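Colleague: Any chance you can model this:
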Amino acid sequence: MFLAVTMFAQAQIATNIYWVQFTDKNNSPYSIDNPEAYLSERALQRRANQGIAIDEYDLPVNPQYLQAVADCGAELINPSKWLNGVSVRTTDPSVIDAINALEFVSTVRNCPNNPEAQLLKERWLANEMKPAAASRGLRGFYGGAEAQVTQLNAHLLHDMGYDGTGVIIAVLDGGFQGTPDQTCFDNMREEGRLLGTKQFVYGQTSVYTQSTHGTSCLSTMGAYDPNNMVGTAPKASYYLIHTEDGNSENIIEEYNWVSGAEFADSLGVDVCTTSLGYIDFDMTQWNHPFEHYDGKTAPMSIGAEIAASRGMICMNAAGNEGGGTCTLGIPADAEHILTVGAVDDSGNRAYFSSVGPTYDGRIKPDVMAMGQGTYVASGYGSWYPYYNGDGTSFATPVLAGAVACLRQARPYATVQEICDAVRTCSNRAENPDNQYGYGIPDFSQALEMLHVNEMPATAKEIINVYPNPSQGEVHIALKEGAKAVVTVYDFMGHCLITYDFNGLNHTTLENRLNMLDPGVYFINAVSESGSQTLKLVMTK
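Modeller: Numbering: from 1, shown residues only. Sure thing, here's the model as predicted:
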């Protein structure tokens with residue numbers, strides 16, 4: 001496990017934990033035909049926007065199976081519908097024998113803690129990288145975060161109005177100590193954009209304990225304290241999810257993460273950022289050898305792939321293990337996520353940033369962002385509010401915030417389209433390698449690459465614009481309803497026209513469209529029944 005700067009509570013020796021794997025989802029009360037029973041409206045809309053069908057992965061674990069396991073005497077911890085199992089806690093071997101005897105249980109995996117390994121981990125954490133005194137550099141709008149924001153040209157998206165508004169980001173981490181008291185999140189709280197929290201390690205306890213690491217990661221995106229610190233997605237909304245147990249290094253934490261990602265998916269989260277990674281565990285039989293790094297073997301990598309297939313854009317830190325051959329942490333090997341390495345403010349790779357390739361020969365990391373000398377908020381109150389920290393842990397959310405702004409600008413783009421655009425617009429895209437991946441992305445270029453933002457097949461047809469392409473004469477008709485709000489954007493996403501259209505006043509709107517210069521434009525129509533976006537090409 002790697003965390004850039006971490007303060008953990010005193011270790012506690014846990015009772016034995018097990019992973020119970022089920023064989024199927026037969027006789028479930030849930031149905032693919034009724035996804036409203038287990039997915040939010042927003043989650044369903046995200047799938048509809050990207051043309052993703054509901055499938056068996058979406059079905060919750062059969063509650064009858066869970067009850068049967070509980071009846072055997074085990075304490076249920078976290079079920080996972082994607083992996084079709086549940087983590088449980090017990091110290092009684094007879095309970096495990098009873099669970100193994102259930103006809104719908106395929107395997108029971110023992111995931112014990114090692115007290116001596118926990119003590120060694122505490123000593124290692126005590127010598128981990130210490131934060132440096134804050135150096136704010138430029139004292140403009142972004143304050144000390146100026147370099148990390150502008151390195152990605154995320155500020156250009158902000159200038160266009162793409163600041164994360166309406167986008168939901170889930171931060172999966174090891175704790176968010178100090179977040180409630182950090183003033184750079186005041187605006188987030190005042191505007192109701194801190195949507196909720198969820199604990200997957202200690203049951204119903206608060207996420208605001210154990211570690212300040214999540215607080216610092218959150219600040220690189222969500223901080224809004226002009227002239228002190230503004231992050232890469234200062235107006236996005238956030239869920240804070242605790243999956244990492246700082247008191248041990250146990251493979252059950254990978255299962256915790258998958259449950260956390262499922263929770264985020266069910267709420268309709270758009271972007272999922274994780275600054276965790278797993279290589280070696282307290283119990284060495286669960287360590288990940290090189291052959292596990294194929295994107296489809298480790299539990300967390302499998303979960304990350306399924307998360308991406310649900311329409312969430314997932315980012316994970318590459319790791320802080322330095323150079324060599326595949327020094328990545330799981331799930332940085334997952335194929336359809338963005339694995340993020342660290343550079344300094346000059347674009348040079350940080351010495352600690354982990355490298356690929358994966359076992360099956362794919363380039364990793366995918367891209368780079370500022371993770372050396374990154375300006376972050378602390379969790380230690382007003383006496384020590386900001387500092388400069390090192391770690392791919394910080395590079396990852398810096399990039400995730402910029403991706404959230406891109407998602408805001410291009411709501412119908414698929415995960416694959418956005419990830420491909422981010423890679424392609426990076427400064428080493430013509431010659432990628434396992435040190436830098438595709439390089440440092442230019443998000444203003446990524447926005448241009450995603451300009452073909454066509455109406456999805458499932459969207460409502462509200463207006464008709466013709467001829468298209470047009471040589472200078474444009475007609476527009478309202479196809480349903482009494483009225484719609486029509487907004488016209490240029491190629492770079494600037495709003496040019498906003499018009500209350502009732503169909504009878506088409507001449508005024510057509511005259512304004514006819515005055516457009518040659519180029520590509522996007523017309524968005526919103527009515528009571530939904531929204532539609534289409535592309536207009538002017539060739540005159």
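Colleague: going on from the longest helix anywhere in the chain, what's the next piece of helix or strand?
Modeller: The longest helix of the chain (DSSP state H) is helix 392-409. Remark: after helix 392-409, the chain's next helix or strand is helix 415-424, criterion DSSP states H and E.
Colleague: Pull out the buried positions in that following helix.
Modeller: Going by neighbour count (16 or more other Cβ atoms under 10 Å), the buried part of helix 415-424 is 415, 417-419, 421-423. C-beta: built from backbone N, CA, C; applies to glycine.
Colleague: what's the answer for stretch 65-78, then?
Modeller: Neighbour count says stretch 65-78 has 65-66, 68-69, 72, 74, 77-78 buried, by 16+ other Cβ under 10 Å.
Colleague: Same check on stretch 22-37?
Modeller: Here stretch 22-37 shows 22, 25, 28, 30, 35 as buried, counting by 16+ other Cβ under 10 Å.
Colleague: Also stretch 529-540?
Modeller: Quick answer for stretch 529-540 (16+ other Cβ under 10 Å): 530, 532-536, 538.
Colleague: Then stretch 199-215?
Modeller: 199-201, 207-215.
Colleague: again, but for stretch 184-194
Modeller: 184-185, 187-188, 193-194.
Colleague: Same check on stretch 474-486?
Modeller: Buried residues in stretch 474-486, counting neighbours by 16+ other Cβ under 10 Å, are found at 474-476, 478, 484, 486.
Colleague: Could you do stretch 423-439 as well?
Modeller: 423, 425-426, 428-429, 432, 434, 436-439.
Colleague: Next: stretch 35-45.
Modeller: Those would be 35, 39, 43-45, for stretch 35-45 by 16+ other Cβ under 10 Å.
Colleague: And the contacts of it?
Modeller: Contact with stretch 35-45 is made by 30-31, 54, 58-60, 168, 265-268, 310, as judged by Cβ atoms under 8 Å, 6 or more residues apart in numbering.
Colleague: How about stretch 102-113?
Modeller: Counting by Cβ under 8 Å, 6+ apart, 13-14, 16-24, 26, 62, 65, 68-69, 72, 87, 96, 99-100, 248, 250-252, 282-283, 286 sit against stretch 102-113.
Colleague: List the buried residues in it.
Modeller: Applying 16+ other Cβ under 10 Å to stretch 102-113 flags 102, 104-105, 108-109, 111-113 as buried.
Colleague: Looking at the residues you listed, which two lie furthest apart in space?
Modeller: Using Cβ to Cβ, the two most remote members of the buried residues of stretch 102-113 are 104 and 113, lying 27.7 Å apart.
Colleague: number of nearby residues for residue 488?
Modeller: Neighbourhood size, residue 488 [other Cβ atoms under 10 Å]: 19.
Colleague: count of neighbours near the nearest residue to it once chain neighbours are set aside?
Modeller: Counting by Cβ to Cβ, 6 or more residues apart in numbering, residue 488 lies nearest to residue 497, which is 4.0 Å off, once chain neighbours are set aside. The local packing of residue 497 (other Cβ under 10 Å) involves 15 other residues.
Colleague: same check, this time on the one 4 residues further on
Modeller: Counted with other Cβ under 10 Å, the neighbours of residue 501 add up to 20.
Colleague: can you check residue 291 too?
Modeller: Other residues within reach of residue 291 by the criterion other Cβ under 10 Å amount to 9.
Colleague: SS state for it?
Modeller: helix (DSSP: H, G, I helix; E, B strand; the rest coil).
Colleague: so it touches residue 359, yeah?
Modeller: Yes: between residue 291 and residue 359 there is a contact at 5.4 Å, judged by Cβ atoms under 8 Å.
Colleague: where does the stretch 1-150 of the chain dip in pLDDT?
Modeller: The stretch 1-150 of the chain contains residues with pLDDT under 70 at 1-15, 113-139.
Colleague: any chance you could map the helices in it?
Modeller: Here the stretch 1-150 of the chain has its helices, by DSSP state H, counting those that start in this stretch, at 41-50, 63-71, 93-100, 115-126, 146-150.
Colleague: The closest residue to residue 78 other than its chain neighbours: neighbouring residues, count only.
Modeller: Leaving out its chain neighbours, the residue that sits closest to residue 78 by Cβ to Cβ, 6+ apart is residue 259, at 4.0 Å. The tally of other residues near residue 259 (other Cβ under 10 Å) stands at 23.
Colleague: So for the helix or strand containing residue 259, what gets flagged as buried?
Modeller: Element membership of residue 259 [criterion: DSSP H and E] is helix 252-267. Within helix 252-267, the residues that count as buried by 16+ other Cβ under 10 Å are 252-267.
Colleague: For these, which two are the farthest from each other?
Modeller: The farthest-apart pair in the buried residues of helix 252-267, when distances are taken by Cβ to Cβ, is 252 and 267, at 23.0 Å.
Colleague: hmm, back to that, separation between the residue nearest to residue 488 and residue 485?
Modeller: Here the criterion is Cβ to Cβ, to the nearest Å. By it, residue 497 lies 11 Å from residue 485.
Colleague: Now do the phi/psi pair for residue 487.
Modeller: Here is the backbone geometry of residue 487 (degrees, to the nearest 10): phi -120, psi 140.
Colleague: list the contacts for it?
Modeller: Shown in contact with residue 487 (Cβ under 8 Å, 6+ apart): 495, 497-499, 523-526.
Colleague: what does the domain assignment say about the chain?
Modeller: Under the assignment automatic domain parsing, the domains of the chain span 17-110, 130-449, 463-538.
Colleague: Go ahead and list the helix or strand containing the nearest residue to residue 425 once chain neighbours are set aside.
Modeller: Leaving aside its chain neighbours, residue 425 sits nearest to residue 445 (3.8 Å; criterion: Cβ to Cβ, 6+ apart). Secondary structure assignment for residue 445, by DSSP H and E: helix 443-449.
Colleague: For stretch 327-335, measure first residue to last.
Modeller: Taking Cα to Cα, to the nearest Å, stretch 327-335 runs 16 Å from one end to the other.
Colleague: meant to ask about stretch 188-195
Modeller: Start to finish, the residues bounding stretch 188-195 are 9 Å apart (Cα to Cα).
Colleague: any idea of the mean pLDDT for stretch 197-210?
Modeller: Regarding stretch 197-210, the rounded mean pLDDT is 91.
Colleague: Please read the previous query as pertaining to stretch 155-170.
Modeller: 95.
Colleague: Can you give me the pLDDT of the residue nearest to residue 488?
Modeller: The per-residue confidence score, pLDDT, reads 91 for residue 497.
Colleague: Name the helix or strand for it, please.
Modeller: Assigned by DSSP H and E, residue 497 belongs to strand 495-501.
Colleague: next one: residue 303
Modeller: helix 299-309.
Colleague: do residue 272 as well
Modeller: Using DSSP H and E, residue 272 sits in strand 271-274.
Colleague: For that strand, the averaged confidence score.
Modeller: 98.
Colleague: ok so, going back, tell me the one of the buried residues of stretch 35-45 nearest residue 240?
Modeller: residue 43 (18.4 Å).
Colleague: how close does that closest one get to residue 311?
Modeller: Remark: distance between residue 43 and residue 311 (Cβ to Cβ) = 8 Å.
Colleague: Equivalent analysis for residue 68, please.
Modeller: Distance check for residue 68 against residue 311: by Cβ to Cβ, it reads 33 Å.
Colleague: burial count for the residue nearest to residue 434 when sequence neighbours are not counted?
Modeller: Closest residue in space to residue 434, ignoring its immediate chain neighbours: residue 356 at 4.0 Å, by Cβ to Cβ, 6+ apart. Residues near residue 356, counting by other Cβ under 10 Å, number 25.
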